[in-house]
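J.: The following block contains a protein sequence and its predicted model.
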Amino acid sequence: MNESTLDPATAVFREVIPAGDWWTREIKAGQTLRILDLEGNQAADTLFYSAADPTDRYSADRTIQAQQALYLTTGTKLMSTGG
């Protein structure tokens, strides 16, 4: 298992979202999003869109191809339909 080298104290924001709830926030280029499963066996259904161009969105296919790995893990770079 990979451990993040990021210091949680430097987070721009930090929130606990109850299981089954939703959350929305703008994540700027270069920022890191960290998702922790506090209750165990939870899935994080996610949608990522460009604030400037909503047609540019997260692409699982491009992410898998670029990382050459099926699963997301610490340090995975998410790819969009725009590259």
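T.: All right, it came through fine. Numbering: from 1, shown residues only.
J.: Helices of the protein, residue ranges please.
T.: Remark: helices assigned in the chain by DSSP state H are 60-67.
J.: Can you tell me which residue is spatially central in the protein?
T.: The centroid of the chain falls nearest to L33 when counting by Cα atoms, centre = their mean (4.9 Å).
J.: dump the residue contacts of Y49.
T.: 56-58 (Cβ atoms under 8 Å, 6 or more residues apart in numbering). Every residue, glycine included, has its C-beta placed from N, CA and C.
J.: That one and R25, how far apart?
T.: Look at Y49 and R25: by Cβ to Cβ, to the nearest Å, they are 12 Å apart.
J.: Read off the pLDDT value for the residue nearest to the centre of the chain.
T.: L33 is assigned a pLDDT of 83 by the prediction.
J.: ok, now L36?
T.: 79.
J.: so who does A11 touch?
T.: R34.
J.: Which among the contacts of Y49 count as buried?
T.: Neighbour-count burial (16 or more other Cβ atoms under 10 Å) applied to those gives no buried members.
J.: of those, closest to A69?
T.: Y58 (15.7 Å; Cβ to Cβ).
J.: Distance to N41 added to the contacts of Y49, as JSON lines?
T.: JSON lines is the format used below for these (distance: Cβ to Cβ, whole Å):
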{"residue": "D56", "distance to N41": "32"}
{"residue": "R57", "distance to N41": "27"}
{"residue": "Y58", "distance to N41": "23"}
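J.: can you pull the contacts of R34?
T.: By Cβ under 8 Å, 6+ apart, the residues touching R34 are 4, 6, 11.
J.: Lovely, talk soon.
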